[in-house]
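Novice: A structural model of the following input is requested.
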Amino acid sequence: MNVSFCDMRADHINMVAEIERLSFANPWPVQTLEFELFYNELAHYVVAVVDGKVVGYGGFWMVLDDAHVTNVAVHPDYRGKGLGRRLMLEIMRRARELGALRMTLEVRPSNTIARKMYNDLGFVERGRRPRYYQNNQEDAIIMWKDDLRAFQ
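Specialist: Residues are numbered from 1 along each chain as shown. All right, here's what the predicted structure looks like:
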């Protein structure tokens, strides 16, 4: 599969919103995506494109020298092909280029596929946020990758 990555643009928002809707119990509405893209100076978003179609996206907030992953999602038709891993590697690369030394994220305990991918990428569990997810009050596992400089 030939995938390319580029900065998220205004013309990607509707496709990203569709991936959100198909991926999350509480998807971000278009207005939130627009705010992130146009007004949040900490935000950096990338899309994965296959044959001209946005098939995944992810982003992070750059806070001092920490990158905080906000969302990572792949369209259901493209899951299980390693695209989530490639998207995370691209996000990590971009964060490192912006000066991030560490990266953090939250993940549902029930999301075993994502947790395995994050572990494989060197993230370690460092804590929990009780009842973090509004739709079912599930905790969030806080994961960190401590040294993005060592990442290749």
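Novice: spell out the residue ranges of the helices in this structure.
Specialist: Taking DSSP state H, the helices of the chain run over residues 13-23, 30-38, 83-97, 112-120.
Novice: what's the closest non-adjacent residue to residue 109?
Specialist: If the residues on either side of it in the chain are set aside, residue 109 comes closest to residue 141, at 5.7 Å by C-beta to C-beta, 6 or more residues apart in numbering. Every residue, glycine included, has its C-beta placed from N, CA and C.
Novice: that older thread, mind putting the helices of the chain into a markdown table with mean neighbour count and mean pLDDT?
Specialist: Formatted as a markdown table, the helices of the chain follow (neighbours: other C-beta atoms under 10 Å; pLDDT from 0 to 100):
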| stretch | mean neighbour count | mean pLDDT |
| --- | --- | --- |
| helix 13-23 | 17 | 97 |
| helix 30-38 | 15 | 97 |
| helix 83-97 | 19 | 96 |
| helix 112-120 | 14 | 95 |
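Novice: okay, and the beta partners of the spatially most central residue of the chain?
Specialist: The centroid of the chain falls nearest to residue 72 when counting by C-alpha atoms, centre = their mean (2.7 Å). Here residue 72 sits in beta bridges with residue 58, as judged by DSSP bridges.
Novice: test my guess that it contacts residue 60.
Specialist: No: using C-beta atoms under 8 Å, residue 72 makes no contact with residue 60, being 9.2 Å away.
Novice: okay, and the common contacts of those two?
Specialist: Both residue 72 and residue 60 are in contact with residue 91, where contact means C-beta atoms under 8 Å, 6 or more residues apart in numbering.
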